[in-house]
Every structure is written in C-alpha cells, then in structure tokens.
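S.K.: just the structure for this:
(5 chains)
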Amino acid sequence: MSDIALFLPETVCLLGALVLFCAQVFGARYGVVWGLALLSGVAAVVASVWTWPLAGEPFFPGVYRVDFFSQFVKAIIAGGFLFVAAISGRPQTVRSDAWAEMPMFLLLATTGMMMLTSAMELVTLYISMELAAYPIYIAVALHRSRSIGGESSTKYMLQGMVASAITLYGLSFLFGLSGSTYLGTISSQLGTLATQPLFWLVVLLVLAGFLFKLAAFPFHFWAPDTYQTAPHEVVTFVATASKVAAIAVLCRVVALVAPAGVDAAMASRVLMWMSVAAMTLGNLAALRQGDLKRLLGYSAVAHAGYVLIGIQTMTGAGLTAALFYALGYAAMSALCFLVVVEIGRDEDLVSIESLAGLHQRAPLLAATLLIGLFGLIGLPPTVGFIGKWFLFSAAIEQGQFVFVLVAAINSAVALYYYLLVIRQAYFAEGTSDEPIHTGVVTLAVAGGTTGFVIAMGVVPGWFWARSVEAVAALMG
Amino acid sequence: MQLLSEILLCPVGALVLVLLIPARAVQAIRWVCALSALMAGVLSVQLWRTYDAAAGGFQFVEIIPWVEEVGISYHLAVDGFSTILVMLTSIVFFTGVLTMWDLEIRVKEFFAFMLLLVTGVYGVFLSQDLFFFFLFYEVAVVPMYPLILIWGSGNREYAAMKLVLFLLAGSALLFPALLAIYHASGLGTFNMILLAQKAFDPDFQIFVYPFVFLGFGVLAGLFPFHGWSPTGHVAAPSAVSMLHAGVLMKLGAYGILAVGIRLLPVGAVYWAPTFATLAAIGVVYGAFVAIRQTDFKFVIGFSSVSHMGIVVLGLNLAVLGKAGQDALNGAVFQMFAHGIMTALFFSTVGFIYDRAHSKTIADFGGLGSQMPRAVSVFIVAGLCGAGVPGLASFWAELLVFLAALKTYPALGVVIIVGLVLTAIYVIRVFSQAFFGPVNDKWDDLRGLDLKGWQILPRAILVAVLVYFGFFPSALLDVIDGTTSTVLTSFR
Amino acid sequence: MTLEGYLTLSLMLFCIGVFAVLSQRNLIAVLIGVELMMNAASLNVMAFNRFSVTDPTTGQIFVLIIIGLAAAEVAIFLSIIVNLYRTRRTIDAEQLTELQG
Amino acid sequence: MLEQAVIYLFAALVLSGGLMAAWTRHILYAIIGLGISLFGVAGLFLYLGSPFLAAMQLLIYIGGITVAIVFAMMLSIAMTVTPPERNRAKTVFAAVCTAAFGLGVFQLVRAARFPAVSPAPEEAWSVGAIGHALLTHYNLVFETLSVVLLLAIMGAILIARPQRKAAS
Amino acid sequence: MDTLNLILATTFAPFAAFVLAILFLMRQPRLAQVVVIAGGTLSLAGAVSLLSAGPVEPLRYLWFTSGDIQLRFGFLLDGLSLMFGVAVALITLCVMVYSLGYMGHDPSKTRYFAMLALFEWAMLSFVYAVDLMQTFIFWELVGLASFFLIGFWYEKPSATAAAKKAFLMTRVGDVGLFIGVLMVLQVAGHFDVPGLLATEGGLVAQATPAVLTTITLLIFVGIVGKSAQFPLHTWLPDAMEGPTPVSALLHSATMVAAGVYLMARLHPLFMGSETTLGIILIVASMTALLAATMAMVATDIKRVLAYSSISQLGFMLLGLAAGSLFAGVFHLITHALFKALLFLCSGLFIHHLETNDMAQIGRGGGRRMRFATAGLVVGGAALAGIPPLGGFFSKEEIFAALGHDGVTLFSVVALLAAFLTAYYTFRMIFLVTRPQQVEAVDVHGDHDRAEPLSMALPVVLLTVGAAVAGFWGGDIARGLGIEAGHHSLAAMAPALAVVALGVLVAWLDFGRQTATRTGFIARMPALERLFTNGWYVDAFYDAVIVRITMLAATILYAAESRLLDANFDRLGFGVLGLGSGTRRLQNGWVQFYGGWAVVLVGLAAAYFGMSD
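M.R.: The predicted model follows:
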C-alpha cells in the first residue's frame, strides 16, 4: 500500500496512458481523448502534490527514492504535461491520424521523466531516460507534414542515440569503478572514487544524456531544428517538462558528487565552460533568426547555460537556484509556446513576422507573449529576474565574478532578439485584422501561467522555500 | 499602510485599474492616471514636509521580510535625497500624464507602460533593500522600449533598441557587482542600511566600485556611454522623454550614490579622480556637441549629457573631502533641478512637435509670435539650462562648481568656462527658432498655442523651477543633513 | 584476457562506432555505428561484471536491458528513416541540410 | 591457452567486423560487419561467464535487430545499388574527433584503478539468479522495459504507416 | 515705515509689477503700463526716502545653508548704494514714462514694460546687495533683462543677433566674475561684502597678494564684460538694436555702469593689488581712446552714443583705478544723467523722423524739435565736459586722480580721449542742428505730436539734472565719506584746452556753414577704415574665436557621431555579425554536430588527465 502511495504519480500516469491507449483503440473522438488527457494531467498533478509529504523507497531499497525533491519535481513535470494537454485542444500540426496517440506518448514520456527524478540505480536511471526520450522522438516525427518533420526527427533521434550511448558507456564505467549500480553505494565510495580522474570523466559521460535533454553545449544542436519543425504542442512539452526533468537529474547527479569537494573542482570547471559556451552560442545564434520557434530553440540553449551556472557551483544554493529557475523557466517558455500554438494553428512554421499585428488581433495573447519574453529576458516582475538573481548569486558566492559578468552580458545581448519579437507583436502592423479566437481552456491556462510567472517573481518566498526544502532532501 | 507604501501603491494601483478598464474607455484611463499621479504628488509633498531634516538619516522605515532565507526584505525608507527625488518623480509623473492627455493611439497600453515605469522609479528611490533596488531599477528601464517604439517618432526602432541595450548592458555590470557586495559582506542580508555600516575590504571595494559606477553611470548618461540618451530622447514621445531625462537618468546617479558611495567608500575615493575627469569631460563635451545639433530634442539630449555630467562630477567630488558637502548637495540639487528642467523642455518641445510635426530648429523662425506661450515656457527651461540665477539649477551648479574649484582648480575653471558653451547652444536655439523673421509656414499654429489646461503642467514645472530658484533652502535643508551623514565616512 | 584488455577492446569498438556515426553517409550505417557503441558499453559492463563485481547478476541484467532498449531504439529509428525516405527519397545524412542557421 | 586464443579470435572478430561496418560504403557489407562484430561480442560474453547473454545477443541482436536493419535497407535501394562517394573532409573530421575521444578516454582508463574481486561462484551466474533478480531488485526496470518496447512498437508502426485521413 | 519695509518696497515693487504684468496682463497693455509705472514710482519714492534717511547698518537674512557655506540675502545701505539706487530708480522711471509715448503703438507693450520692471528689480537688488553672491545673481538677472530687451523686436534678425551677442559676451565676463566670487568664498569663507571690505579681517588681510590679484582680476573680467570694456566691448554698439529707451536705461546709464559700480563697491579690494590696478588702467585707457575713435566715424546717432558710453565707462574705471573712488562714482552719476538724456533725445528724433542717421536727422529738421534739440545740446555739452555742466566736474576729478602721480601716459591718453569726446559730441550736435539744408518733410508742423508730453517730460527733467549734476560733487563725496578735493584752475587747464580744441575742430569740420561735413579723419583713409570697422575687433572674433569654437563643436560632433556613436553601433553590429557567424556552426550536417560532442568529451578527458 505504501509502495503504491509512493509510486502514485507514476502509476497515475501509466494508468492514464493505458486509458488513452484503450480510448484510441476503441476509436474515441479526439474530444474525448483530449478530455481524458486533461483528466490524467490533473490527476498526475494532484497525485504528485499529494505525495509531497511522503518519503521512502518503494520496490527494493536503494533503487528508487521518493523524497520531497523528487515529488516536487514530479509535480512540475506533471504540471508541464497538464499545460501541454490543455493547449492541445486542436493540435493541427500533429499528423491527423496520430491525434489520438499523441497524449498517450506524452504521458508515457511524463512517466519516464518522473521515474528519472526518483531513480537511484543506474539501470533504472538509464531506462527511465529512454522511456522519457522515445515517446518524444516518436511525437516529433508525427508532424503532419512529413517533409518538415522528417529531417529534424531523424537528426534529433540520431543525436539522442549518440548522447545516450555516451551516457551508457559512462554508466558502464561507473558500474565498474564502484562495483555497484546503486547510487547510494557509489556515493559511499566517493572518497576513493573522486581521486581518480576517470571518475570525473565518467560523470561527465553520464551527464551527456541529460545535457542533451537540457540542450546544453555541445549537445544542443538538435534544439533549434527540433523546436522549429516539431509539432507545436510537442515542442512545448520538450521545452517545459523535459527541461525540468533534465535539470532535476543533473541536480541529482551533481548532488551525488558534490561532497567530493576540492576534487570536484575540475568537473565544476568543465561545466562552467559548457555553461559559458551554451549561453554565448545560444544567444549569438539567436540574434539573427526569422523563425520564432527556432529562436526559442536557441534561447533554450542559452537558458541551459544559465541553469548550468547554478549546477556547476555544486552547492546547495546553486542547485536550489537551478531548481527554482527550472520551475520558472518551464512556466516562461510555456507562455511563449502557448502563443506559438495559438498563432501557428494553421502554419507548420511560425515566423516572427507572423506575429505582426498580434496586439490587435489578440491582445491577451500579445500580453501573454510579452510576459513570457520578459521572463526569458530576465526582467522583473517575472520570475526570470529573481531566478537569474539566485543563479548568479550562487555563482558569486563561489567567487566566480567574471563568469557571472559574462552571463550578465549575455543576457543583455539576448535582450536584442527578444525585443525584436516583442517589437513584432506590439509594433508591426499585420496584414490581417482578423481576431484570433482562443479557446476558454487556453485562455484560462494562459492566465494561470502568467499569474504563476508573475507570482513567482513577486512573491518568490514560498517557491524558494520549497526549492530549498527539495534540495535539502536531495543532498541530505 | 504607511506613507512610503502608499506612494508606491499609487502607480501600482493605477496600473491594475488601467489594465482592468477596457481600452475603449480612454477618458477613464486618463483620469485614473492623473488622479493617481496627483495622489502620489500630494503624498510626496507630505513626505517632503514631514521628513525631519534636522534628524536626518532614514525615516519612515517599513520592513517586511520577503525571502528570509537569503535576506531579502521589502524595505522602504527615505533619506533626504530620496525624499526630494520622490517629489521630483511625482511632479514629472503628474505633468507627464497631463502632457499626454491628448494621446489617442493605444492609450491604455501607453499609460500601463508609463505606470510601470513610474513604479520602478518610485521603487528605486524608496527601496533600501539591494535586491528590490535592482529589481525596481530594471522595472523602470524596460518599459522605455515599447514606449519609444510604439509612440515614438523618427528613428524610433533604432533608438529604442539602442537605449535598452545600453542600459541593460549597464545593469549587466551591476548584476555581479551587487551580488558580490552581498556575499562579501557576510551579513546575509540585502539591507542597504546594514550593508552601509559594514566596512568592506578595501581591495574588494576598489575592484567592485567601477562596476557599480559604470553600471549606474550608463543610465546617468556618463561620457562616453551616453550615446543612447540623445537618440532615445529624440525618438521618445514627450511624456516619455520627460520621465526618461527627468527622472530615469537620475536613477543612475542615485544608484551611484546609494550603492557606490554609501556602500563602497574606499572604492569611491580611489576612483573619484578618474571618474571626476570623465564626468568633467562629459560636461564640456556634451555642451560642445549640443552646439552643432539641428534638432531641438538633440540639443536637449546633449545638454542632458552635459548637465548630468555635473551631477556625476558632484558625486565624485563629494568623496574627495575638500568640499564634499557642497559637491554632494549640489549634485543632488542638480538631479532635482535638471529633472524639472528637462521635463519642462520635453513637455514643450513635444507640444510644438505635435502641432508643427517638425523638430528641426532651422525649420522654424520667429515662432515666438506664433506660439508665444509655448516659446516662453521653453525659454524659461533654456535659461534654467544656461544656469541663470533665479531658476533652480543655478544653485546646483554653483555648489558643484565651488567644490570643483576647491578640489581641482583647473578642472573647475574648465567646466565653469563650459557655462559659456551652454549659453551658446541655448541662445542659438532661441535665436534660430523662436526669434528672427516670422516664418509664414507656421502661421496656422497661431491658434494652437498652449491654452486652458494645457498650460497647467508647464505652469507647475515653471513654478517649481522658480520657487526653488528663489528658495533653495526648501530643498537644501532636506538634503544637507543627509549629506553630512553620508560624508561622515569620508572625513 | 585481462580487464584492461577488455576495456581497451571495448574502447576501440566504441571508437569504431563513433567513427561510423560520424563518417558514414547512409543513415542505416550510422545506426549501425550507434549499435556498435552500445555493444561496446555492453562489453564493458560484462567485463566489469566478470572482474570487478561481486554479484554477477547485476551486469547481466544491465546488458539484457541494453539489448532490449537497443531493439526498441532500432525500431523507432528505422521507422523514422522510413518516414524520412517517403518524402525525401534519400537516407543520405549529407543531404539532410535543409535545417541550418 | 586455447581458450585465450579463442578469446582473441572473438576480439579480432569484434574489431574487424566493426571496422568493416564503419569503413565500407556498401550498406550490405556494413550490416554483415555489424553481424560479425555482434557475433564476436556474443562470443566474448560466453567467455565472460554468461552463456545466457551470449544467447540473447545472438537472438535479439543478430536475429532481430540486424534483420530489421536488412529490411530497412531494402527501402533505400538507390543507396544500396550505388553507394555514395566518401566525403574525404568529413572522414578526416570524423577520424580526428574519434581519435581525440579515444585517446582522451584511453589515457584515463589506463590510469584508472578498478576494484578486483575473485570470480563469483558458478551458481551466481545461473539464469535462475537472473530471473530472480529481475523479479525482485530489478522488477521496476523489467516492467519499464516492457512499456518501452510496447511504445516503441506502437510508435514505429504509427510513424512508418502511410498517412490516413483524420480519424476524428 | 522702517528701513526693512522701505527697502523691500523699493526693490520688490517692480518685481511685483513684473509678475503681475507677465502672468496676467498680457492682454491688457494699458493696465500693464499703469502697474509697471506705479511700481517704478514706488521704487523711486522708496529709494529717495532711503537716501534721505541716510546710511544704516546692513540688513542680512539667511538665504540658505549648505555645509559650512551660508548665503545671505540682504541690503547694504551705504552712501554709494543709496545714491546709485536713486539714480537708477529715477532714470528708470523717466524711461518708463518716456516709453509710454515711444512704445505707444507696439503690440507687445506688456512684455516690454514687464521686462523694464524686471530690470529695475534686478538692478536695484544688485545695487543694494549685501552679499557677493547676491550681487552676482542680480548681476546675471540684469543681463537677462538686457537680453530680452535688446531682442525685444525679435522678428528683426539684427536685434536677435545683437541680443545673442550681448548675452554671450557678457557671459564670458560673468564666468570670470563667477570664478572670482567663488574664490572669494574659498579664501574668506563668506560672501559678506562689508566683511570682505573691512580693513581688519577683510579679504585684503586674508588673501596673499597673488590670490588677491587673481581674484580682483577675475572680478575685473566680469566688469569688462558688463561694462563693455576692451576687448569685450563690441556687444554694446550692437545692443542699440533694442528700443531706444532701453538703450538709454540699460546700455548707457545703469546696467553697463553696473561694472563700474561693482568696482566702486569693492574698491578697497582693488586698491589692494597694484598689478590689477595697472591692468585696469591699461584696459580702461585703451577703451576710452578706442571707443572715442569709433564714435568719431559713426553715422548712426545711437552708435555714437554707444561708443561714447564705452569710452566714458573707461573714464570711470580710470578714475577708480587711479585710486579715486569719488572720481569714478561722480562720473558714474553725472554720466548716467546726461547719457540717459542724450539717448532719450535721440529717441525723440528717431521716433519722429524714423532714421538713425545723424545727417538725415539734421536734414529732416531735427532742430525744430525743441526739447530734443535742447536736451541734445545740454547733454552733449555735459558729455564733452563743457563747464559748468555735470560732465566737466566729474571728468575733472578723473584727470586730477590720474595726474596725482604727475603726468603719466594714462593722463595723456585720457586727454586725447577727452579731446575726441568733445570732437565727436559736437560733431553729433552740429550734424543734427546745423545741416546744410533742411528738407521739406511733412513732419514739421505738429511738434506736439512729435514730442508728446510723456516723452518730453522726462527729457526736460533729465536736461535739468544733467545741467546741475556737476554741483552735486560735494554731496556725493560726503555720501561716500570722502573729502572732495578742490582743484585749481591750473589743474583744469589742460582738460579745458583739449575740450575747447575738440569743439573747435568739430566746428571746423561740421559746424560752420561752409564745412565739408566730413571729419578730418577722412584725410587718413586707413585710419578711417580702422575706426569704422571698430579696430577689427569683431572681425577678429568672427574669424578666430567664433570659428575656433564652432570648429571645436564640429570636430567634437563629428567625433560623437563618427567615432563614439558609430563605434558603439559598430560594436552592436559586430555582435550581430558574430551571431551570423555562430549560426554557421549549425550547418545542417548532423554528423558535424556529433563530432563536436565527441571531440569535446575527448578534450575534457585530457583536461581531467592533467590533474595528476
């Protein structure tokens, strides 16, 4: 019973996937499927939040850990799924014969991500990673236009496979170095392991798969392509839930090796350089983009860099900041993609030009986009500002002044392309004045998420306290 | 709720209201803004009257813990400086709303952004928490982009982008610096009053101070990082220029003062000669460049560079001890005076532009007979800019020049000679645009001069300039006590 | 053969896989490269399982899972290739350059 | 001695098959190379103490995966008939990258110290033990694998099938 | 009324009038006139009653405090300020009344009268100021009023240009004064004039000689600007573009005399520095001579008067610098009266005959305008120094002061200037009153309309004043607390002689029936050109100073736009270019992407390998 309680969120997701599978088999109308998906999403969120006070290790000891960290992140991931489900009322860019399956795949991926945050054993970790990845590979390929979806899904999956093979190779060494697949056991041997350079390389290899998910340099090349050409709803999922899961597992791994102290400095340094490269490349490449989703893809690369600032500190404060930022980032990019979904209803590709006149056609969407982009820029009163504040603060605490300076300059550079988007939405005159009709559910979600982004920015205290608690559970 | 929160609430509340009012109810939106501005004004005057200048220091303190784990709190308090700067903001806010009363395009959005901007400005002046200080700082800066872009004129896209990029590049310097201050203190608090009591390691101060100074300096129009300012002024709509030059640029100077000088005294002293020179160059340079401008707003823009140079110069001289009191008094006074003055400038130029659709000086001629009131108002502002006694900025310049002369005689002489340059560009505008043969082209402007309530905002600004021109002690008494407190660490 | 020998062998296999992934033009051949990489990892695990680990079931299950996942992966990737081939009429990695910049 | 020789033979198979797969321009040869290499790996598994895995490797990999690849190969008739030219620059690039990676890892592996234990008793290697572990310690993994396989099959079918008209 | 209320009424009555007029009476010019003249009258009454009450202790009130600086606002009521105050108030009132006629048809009358009121307020406050900073402030405000009044007819480009020139050139002087004043503060720690002048603990005692010299020289720079001394004198002739009453009031009688007044006020300080006195002597004597030469060749009556003002101001400064406070102040007051008179007379001519040219005035029948002609002759005689008119005595005092140390170069120059003064003055009188023929112009008949009461009355009043002013010397000396010297006829002889010579030459050139009506200078064309072009000072300014300033502005503006701004833009575009470059990394070759990952992992491995 208690095992079921501890495993409740994943169970709910799996059950939801099963129900969706059945619905699909029986040829239910998409409206029904959508309703069920929403229901599953709500149930998953509720289940995750319900399990917040719980802690324990279901199945066999050491395999799977349920603590506040994992459940907190699961709630976010479930929230991400719910968001995607909510805006998928009419997923036009998804191949029409796959509408019914799409929520199921995403729900399975959600399950994988949830497991990822709890997995304490290498094989479980690996298989969770693949469970989280495969449905997305599939979903990306299910674009209504094969010619658009084909290339990017191929590239995406290919890079994913290579990254996961690298991870796998790393895991094999980890297994060999410690003689165990249990993270608990591995961390207990940290004292001897940490003195070996190979161990740190192996940690890096293991991180490859997660850095890939996070779209961090040098595993970021898929991001712009996939963001640009995958179905809008799927990208939304990739940009929100998937990122959170990746950050969570990065935190998990880093928390594992952080006690190595001085020995961890080199790994930390490597992550720092990755962070610099990611944010610089991401921001620079985004400067000259014409496609909104592609731009957001590069922005995601840059944000991966920002998140790594927190992670590379390998301190509680840094991980807390990274987690906090992950939460905020998911919400912010969700807002942007909500607008993408709405205006890209009939378009395979969403160019920045197509935002022209948005403030007239759909003032609320324009405002949503504005808040989302303000968040990504890092402006108050959104969470983007305080999130960056915490991240930078954690790094400064480690004396990384120049690094933070580089990051701050990066965010100033980033301003340019975000503002161009805002300019298009708010300033350019569109060819059509026709209002964009937005569903009630989408509007509600937009309002809620906007509120969330601002609430996190204005009263960060509660969220920060939760993040602190979560990281305490992680490190403890 | 206490006074300072009430002041802050005025724009915030109005913002919420404006967002709730449908965009078609233009008149309602205007009235909400005007009333909130009026209320803020009344409260600011109350603050000014009730602030106990004799006691000095921080008063009206409000602290609510915000994120206790990291020591962030909602912490409002004012000293003499912020008291008068809050008043400045209120005046410019109110007159700005009135100036834009005729706006017809996207009124709701305009006032929403403007209220956001004003919120940020109030927030910076009132916050005594480093985090909120920076937060409000960013809040104040960013609405400039849409404001210029959508309601601006001329090369607005370029100007808006340039402005925001410059300013946020500045805040990129601030970001690590402020955090470094927080961590170096080891106090675990962002409370600026507590941080100010902490004696930071001198090497640390010397390292961090330039970041703080330059970061805020960009916003203060510091030479050579002033490029955004004239371009931005030119493109912006009048109320935005008013707020921008009148108040926003003061944020930069105030930041240098509140963070740089208060928290990092040793660094400030170490760097003061360098930065004082830079500021002095800006004073003369801005004046020279203004002479060659062909556009009203560019003249004003470069004059702002020049005048803000005086402020920054004053701040730097303040820490050098020889005439610190005068320098700092002068700098703060100049912030106020320049704020009102440029607000007046832009309010009027905007008015003329809205009617004539030209800002080119050479296009006009003899405008004095066509729009005598608008021109008179502009002349008052111009004379204030030229440092004519009887208008507020004379005192400010007097004090700063005095300090400059005492501290660096040669530099002092140079910037005082710069007064001639100031006179040149001011008089040049007068004689080219307002005097001289009447240009028939603008005869249809005769009926369009300031009238009725349009006079009100300009009259308020002129009245303020004259009032403090004759009764400087009304400001100086408030400033002086705080100045001595700030400067105790430099004696 | 010693543990080091196996490790070197698997590293070489991994590198061969990497080389195949990076140099082959046919996407199927690229997939083969990935398979080689995964096999290298399997070989590693089994070697450690033999020489460094007390409980040999762990490694075996690890490899079993790897094989299973490889099967799933191949299935999905092949279907994606098929999907690609339908419109592009090619599975040449070098011709997939529509998305750039 | 003989055992060692066989082990080296399998190792040679692994490498040569791999090289063949990696170098050839003909997809068919590549698949054959893969088969050889996998066969070698299976053989090594045998000598590393796990006949079970060797069998699995043969069954699933060579029997399943390779065959699937062959089917897929038939799609791309054009590339099968006229293998594409080798892109010299890319090959060099690939070689350099690979070498950097290989050398980097190699120097660390060589320097690394791994725990050495005496070989486990024979019964620990039994298939029964594996089965037991799969149902106890690794039940989660085992269940998950089934989900993954299921979704992979569904996904593969969904992606590869010709597009139908919308079902809604 | 006690002194405080009296002085406040004196100074602030015009201010109140100004505020009322400018804010509320733009549409009611008649009412504005009344208000302003009422204010002026009140001032005059106040000034007179203050003078009659005699000197009192200075009044001081704290204006503001900044650190250790205390700025006071107050009134210094000693003989000097009381006398000059009355002169100012009197002449101002005269000019105001005169303007009723002169500006009667101007549409912007209110603005005009308001500015006159502003001027009077500023000037009186300046005169009575007890604090050096207060002095400076009102000195500036006086200049401001001057700017507006010169440019009153702003549609006229020449007026605008003149106003601009006046403002800027006096600004140059003001900068010197400003620095000087600030230096005073640095040395003395306060601005209190009586305190600075005190023989014990005053500035002379506090400052080292070098500092004192610097300070006084800086203050003198201000005086040079305001009192139109060489080389900053060129704005004054141009300032004649303003309405003639304004010229009478500001640009001859009162405002330009502010410089002289300031020197008189601070006389003890100047006496403390020999160097400064020497320089002042040189500058003042040069000015007196140069301006006189220019007046010789001018044809515009107002310009002649303007040059003469410059020259006479030079005389005053000569007197002061020669050590005689009395000489300077005496000449200041007499000059104020007769020069105001001369301007008002010229205004009558100009108003009626609508020409500035002396010859045309003469031909147009100027001499038939009785009040104007009478005033012109009396005032001219006073200017030339014909006894027993005002100018004779005051100028005599200056010669005496100069001759105190024997015959010096300065005395000679002054005599030369006095000769020229007599010459050009009578040239003016003769050109107006003795034209070769009078053309039949239709304006002859109605002299009442030509010289209405409002304009005639002040002329008459000032004519009387100019005539009798010479006999006030004793009173003025007493007011200053100085024993007036008595000069023997022998001492007066040279001056009388040169004046007589001047008149004679003027008669020969212009007065007699057969005169050619060209000056003797026409026989020296080079010199004539030099004089006509004002010794090429303006040309020098245009060619050098203005050009250098504008060149600097141009260069800096070019630097701003091409160097600074362009480079920031370039930086921005550079980053954008980097962006385009970075995009090329994403070249579409998926294997290239993989290569990155692999090679970087290899590099990381190498990095970790280095740890040993």
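S.K.: I'd like the average pLDDT over the helix or strand hosting A:Ala395.
M.R.: Here A:Ala395, judged by DSSP states H and E, is contained in helix A:383-397. Confidence over helix A:383-397 (mean pLDDT, whole number) is 93.
S.K.: stretch A:25-38 too?
M.R.: Rounded mean pLDDT across stretch A:25-38 is 90.
S.K.: ok now the helix or strand where D:Ile159 lies, how far from the chain's centre?
M.R.: Using DSSP H and E, D:Ile159 sits in helix D:139-160. For helix D:139-160, the separation from the chain centroid amounts to 18 Å (computed by Cα atoms, centre = their mean, to the nearest Å).
S.K.: near chain A, anything from that helix?
M.R.: Yes: counting by Cβ under 8 Å from any Cβ of the partner chain, chain A is contacted by helix D:139-160 at D:139-141, D:144-145, D:147-148, D:151-152, D:154-155, D:158-159. Placement of C-beta: from N, CA and C, glycine included.
S.K.: what about chain C: which of those residues touch it?
M.R.: D:141, D:145, D:148, D:151-152, D:155, D:158-159.
S.K.: can I get those in CSV including neighbour count and pLDDT?
M.R.: Formatted as CSV, these follow (neighbours: other Cβ atoms under 10 Å in any protein chain shown; pLDDT from 0 to 100):
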residue, neighbour count, pLDDT
D:Val141, 28, 91
D:Leu145, 23, 93
D:Val148, 26, 94
D:Leu151, 26, 92
D:Ala152, 25, 93
D:Gly155, 26, 92
D:Leu158, 21, 90
D:Ile159, 29, 89
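S.K.: so which of these are also by chain E?
M.R.: Among those, chain E is touched by none when using Cβ under 8 Å from any Cβ.
S.K.: in stretch A:373-391, what counts as buried?
M.R.: A:373-391 (16 or more other Cβ atoms under 10 Å in any protein chain shown).
S.K.: just to revisit the earlier point, of all the residues of helix D:139-160 next to chain A, which two lie farthest apart?
M.R.: Across the residues of helix D:139-160 next to chain A, the longest distance by Cβ to Cβ is 30.2 Å; it joins D:Asn139 and D:Ile159.
S.K.: burial check on the nearest residue to C:Phe51 once chain neighbours are set aside, number of neighbours?
M.R.: Take C:Phe51 and drop its neighbours on the chain: the residue closest to it by Cβ to Cβ, 6 or more residues apart in numbering or on different chains is C:Leu3, 4.2 Å away. Residues near C:Leu3, counting by other Cβ atoms under 10 Å in any protein chain shown, number 16.
S.K.: now swap in E:Met610 and tell me
M.R.: 8.
S.K.: same question for C:Thr90.
M.R.: 18.
S.K.: and it, which of the three is it?
M.R.: coil (DSSP: H, G, I helix; E, B strand; the rest coil).
S.K.: OK, contacts around residue 84?
M.R.: Picked chain A for this. By Cβ atoms under 8 Å, 6 or more residues apart in numbering or on different chains, the contact list for A:Val84 reads A:106, A:233, A:236-237, A:240-241.
S.K.: try again with chain C
M.R.: Neighbours of C:Leu84 in contact, by Cβ under 8 Å, 6+ apart: A:146, A:150-151, A:153-154, C:27, C:91, C:96.
S.K.: residue contacts, the spatially most central residue of chain E?
M.R.: In chain E, the residue lying closest to the centroid (Cα atoms, centre = their mean) is E:Val256, at 2.8 Å. When contacts are counted by Cβ under 8 Å, 6+ apart, E:Val256 touches E:226-228, E:236, E:250, E:309, E:313.
S.K.: hmm, try it at 10 Å
M.R.: E:142, E:146, E:170, E:226-229, E:233, E:235-236, E:239, E:250, E:306, E:309-310, E:312-313, E:339 (Cβ atoms under 10 Å, 6 or more residues apart in numbering or on different chains).
S.K.: quick check on those residues: which are buried?
M.R.: E:142, E:146, E:170, E:226-229, E:233, E:235-236, E:239, E:250, E:306, E:309-310, E:312-313, E:339.
S.K.: among those residues, which lie within strands?
M.R.: Using DSSP state E, no member of the buried ones among the contacts of E:Val256 falls within strands.
S.K.: keep only those that also lie close to chain B.
M.R.: The overlap between the buried ones among the contacts of E:Val256 and the neighbours of chain B (Cβ under 10 Å from any Cβ of the partner chain) comes to E:Thr170.
S.K.: now intersect the buried ones among the contacts of E:Val256 with the helices, please.
M.R.: E:142, E:146, E:170, E:226, E:235-236, E:306, E:309-310, E:312-313, E:339 (DSSP state H).
S.K.: what about the chain, any weak spots by pLDDT?
M.R.: All of this refers to chain A. A:1 (pLDDT under 70).
S.K.: hmm, I had chain D in mind actually
M.R.: D:78-79, D:163-168.
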